[in-house]
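Participant: Only the shape, not the letters, is given here:
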């Protein structure tokens, strides 16, 4: 329900929304510009931090390439010169403190030459860097490796030495000390809580430089964020690290993804004031917007809805029948008072009109009741006249015909009696109607109850006036036919009238007997109602079934039975069955 106060609040909210949104958008644009500058700064830090490592890896690669073609190390086709190999390796790495050791491995991973004595007899066949180099025939930079001698963390750069063909004759393995890589960040000016980490391909931290140094690895983002950043295009991302500080991180890949430089700068380090200004600006415009909406609600409450609520209570009472209810509008605006006076005047007119309609309805019901009563009395008069005429007749067939007509007239009179006894005058109870009708038929037919029993089993359902008359006449025809023809030569038996209602609102009327049955069914002929009827009784049955909108058919032996199916709620179609003239009503 759209209340007036809600509409006014919505209208003010919509009017004040554009300037509010403009202030919020401007604040976000300023924050977005600063955030982009911060991301550019972090990317620059990452590029600078990776410069030293890139130079070290490139220098290491060039060193291994020179040694792979040196005759002092390999004496043709990849064979190692045992006399000059070790001194040559020692001279090659001596100027570089970051190199821990340099060894030559054969195809089986055994050390054949080393710059120190600790690696003699060392087997690297199970090391990943050796296996990858042999498999790819390309240089490979390992992740975190614990050195065999000395026992310090390091990286291993492996370079294959090819023979005359396309085969690996040996592998040069250069061990790089991790503790010597920190000097790469000496030229960086990190802000407070800034971090720089070197990670291997598995996300393992190899070393880090933080401000302050006590941060250690607590400045690392969650492992899932690191994995996502490494699998992406090396851009920036924002997340909260282990120490609870929100940072903007940038990732720079080294050596085809073998190493990663991760740089993080606190998000609030340089933008705290701007973020605070943005939050204050958003809160201010939001507070103004909310204050306006509340002012609209309060003004609507004091000037409008307080009085309309009283009018609503009054109209609710009127809708429940109390047309004399009035609202207390003392102190209300003139427009509201005028509305209340108009409502009271309308209620007074409705009350008068209601009294007139009630009186007219009572008169109509009285007239309708009188009509049904007079129709019933007139039909009873016709019945009495038929009785008088039948008594004066000597011709038995004529006398029997008048008796049958009298039974049908009594059935009509019975329907009208039930109609005027019903307060609604629109329906009759099928159980009461058919029960009384069957008793009337048996008494009027003169058949002894000891010879032929008439059993009635009818559901207690209401039948509309459009169905009551044809249903009563149809039942009269079927029961009279069974009493007249099913038990010749004073035979005894039973006639059953049963009416049931299915779940879909379709009623089924079955009139059956255990007499001699129909001759057409006995001879295996078709249903008597599927062809043109040959007798007046069957014509009447089909005509009444048409008025009910019913399906009618005969059932098999023993005896005979007629099934009539008709809808209780739908109006019966007034259309005759094929090849049949319209039965007069």
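Facilitator: Looks like it arrived, so ask away. Source: prediction; values computed, not measured.

Participant: quick one: the helices in the stretch 151-300 of the chain?
Facilitator: Using DSSP state H, counting those that start in this stretch, the helices found in the stretch 151-300 of the chain span residues 223-231, 272-300.

Participant: Just put those in CSV and tack on distance to residue 506 and mean neighbour count.
Facilitator: C-beta coordinates here come from the backbone N, C-alpha and C atoms, glycine included. Compiled in CSV, the helices of the stretch 151-300 of the chain are given as follows (distance: least, C-beta to C-beta, whole Å; neighbours: other C-beta atoms under 10 Å):
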stretch, distance to residue 506, mean neighbour count
helix 223-231, 67, 15
helix 272-300, 57, 14
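
Participant: so which of those helices gets nearest residue 411?
Facilitator: When the helices of the stretch 151-300 of the chain are ranked by proximity to residue 411, the top entry is helix 272-300, at 69.2 Å, counting by C-beta to C-beta.

Participant: for the closest one, packing partners?
Facilitator: When contacts are defined as 3 or more C-beta pairs under 8 Å, 6 or more residues apart in numbering; DSSP states H and E, helix 272-300 sits against helix 4-68.

Participant: re earlier: among the helices of the stretch 151-300 of the chain, which is nearest residue 46?
Facilitator: Judged by C-beta to C-beta, the one of these that comes nearest to residue 46 is helix 223-231, at 10.9 Å.

Participant: So which residues make contact with that closest one?
Facilitator: With contacts defined as C-beta atoms under 8 Å, 6 or more residues apart in numbering, helix 223-231 is touched by 199, 201, 203, 220, 235, 237, 239, 249, 251, 253, 257, 260, 262.

Participant: cutoff 6 Å now
Facilitator: Defining contact as C-beta atoms under 6 Å, 6 or more residues apart in numbering, one finds that helix 223-231 is touched by 203, 237, 239, 251, 260.

Participant: What residues does the nearest residue to the last one once chain neighbours are set aside make contact with?
Facilitator: It refers to residue 260. Nearest residue to residue 260, sequence neighbours excluded (C-beta to C-beta, 6 or more residues apart in numbering): residue 199, at 4.5 Å. If you count contacts by C-beta under 6 Å, 6+ apart, residue 199 has them with 205, 260, 262.

Participant: Greatest separation within the contacts of helix 223-231: which pair is it?
Facilitator: The largest separation in these, counting by C-beta to C-beta, is between 239 and 260 at 15.7 Å.

Participant: who's more crowded, the two?
Facilitator: For residue 239 against residue 260, the residue with the higher neighbour count under other C-beta atoms under 10 Å is residue 260, and the figures read 24 against 17.

Participant: Distance of the more buried one relative to residue 36?
Facilitator: According to C-beta to C-beta, to the nearest Å, residue 260 stands 23 Å off from residue 36.

Participant: ditto for residue 349
Facilitator: Between residue 349 and residue 36 the distance is 72 Å, computed by C-beta to C-beta.

Participant: what helices or strands is the host helix or strand of residue 87 leaning on?
Facilitator: Assigned by DSSP states H and E, residue 87 belongs to helix 85-93. Other helices and strands packing on helix 85-93, by 3 or more C-beta pairs under 6 Å, 6 or more residues apart in numbering; DSSP states H and E, are strand 99-105.

Participant: Report the buried residues of whichever helix or strand comes after the strand it packs on.
Facilitator: Next along the chain after strand 99-105, taking DSSP H and E as the criterion, comes strand 111-114. Of the residues in strand 111-114, those buried under the neighbour-count criterion (16 or more other C-beta atoms under 10 Å) are 111, 113-114.

Participant: Equivalent analysis for stretch 206-215, please.
Facilitator: Buried residues in stretch 206-215, counted by 16+ other C-beta under 10 Å: 206-211, 215.

Participant: circling back: kindly reformat the contacts of helix 223-231 as CSV containing distance to residue 435.
Facilitator: Shown next, in CSV, are these (distance: C-beta to C-beta, whole Å):
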residue, distance to residue 435
203, 92
237, 88
239, 86
251, 94
260, 97
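
Participant: Run a quick neighbour tally on the residue lying closest to residue 89 once chain neighbours are set aside.
Facilitator: In space, not counting the residues next to it along the chain, residue 89 is nearest to residue 115; the distance is 4.0 Å by C-beta to C-beta, 6+ apart. Residue 115 has 24 neighbouring residues, counting by other C-beta under 10 Å.

Participant: I'd guessed residue 115 sits against residue 88; true?
Facilitator: No - using C-beta atoms under 6 Å, residue 115 is not in contact with residue 88, being 8.8 Å away.

Participant: For the residue nearest to residue 260, list each beta-bridge partner.
Facilitator: With DSSP bridges applied, residue 199 shows beta-bridge pairing to residue 205, residue 260.

Participant: Check it and give its pLDDT.
Facilitator: The predicted local distance difference test score for residue 199 is 85.

Participant: For residue 139, see how far away it is.
Facilitator: Applying C-beta to C-beta, the value for residue 199 to residue 139 is 20 Å.

Participant: ditto for residue 407
Facilitator: Note on residue 407: its distance to residue 139, by C-beta to C-beta, is 118 Å.

Participant: Please apply the same query to residue 441.
Facilitator: Here residue 441 is placed at a distance of 115 Å from residue 139 (C-beta to C-beta).

Participant: what do you get for residue 499?
Facilitator: From residue 499 across to residue 139, the span is 100 Å (C-beta to C-beta).

Participant: same deal with residue 69?
Facilitator: In this structure, residue 69 lies at 14 Å from residue 139, with C-beta to C-beta as the measure.

Participant: Identify each of the helices in the stretch 401-550 of the chain and give its residue range.
Facilitator: Under the criterion DSSP H, counting those that start in this stretch, the stretch 401-550 of the chain carries helices at the ranges 430-445, 465-485, 519-522, 536-548.

Participant: deepest of the ones you listed, which one?
Facilitator: Looking across the helices of the stretch 401-550 of the chain with neighbours counted as mean count of other C-beta atoms under 10 Å, the highest average goes to helix 465-485: a mean of 22.

Participant: Would you mind giving the orientation angle of that helix with respect to helix 536-548?
Facilitator: For helix 465-485 and helix 536-548, the angle between their directions (axes from the mean of the first three to the mean of the last three C-alpha atoms, to 10 degrees) works out to 160 degrees.
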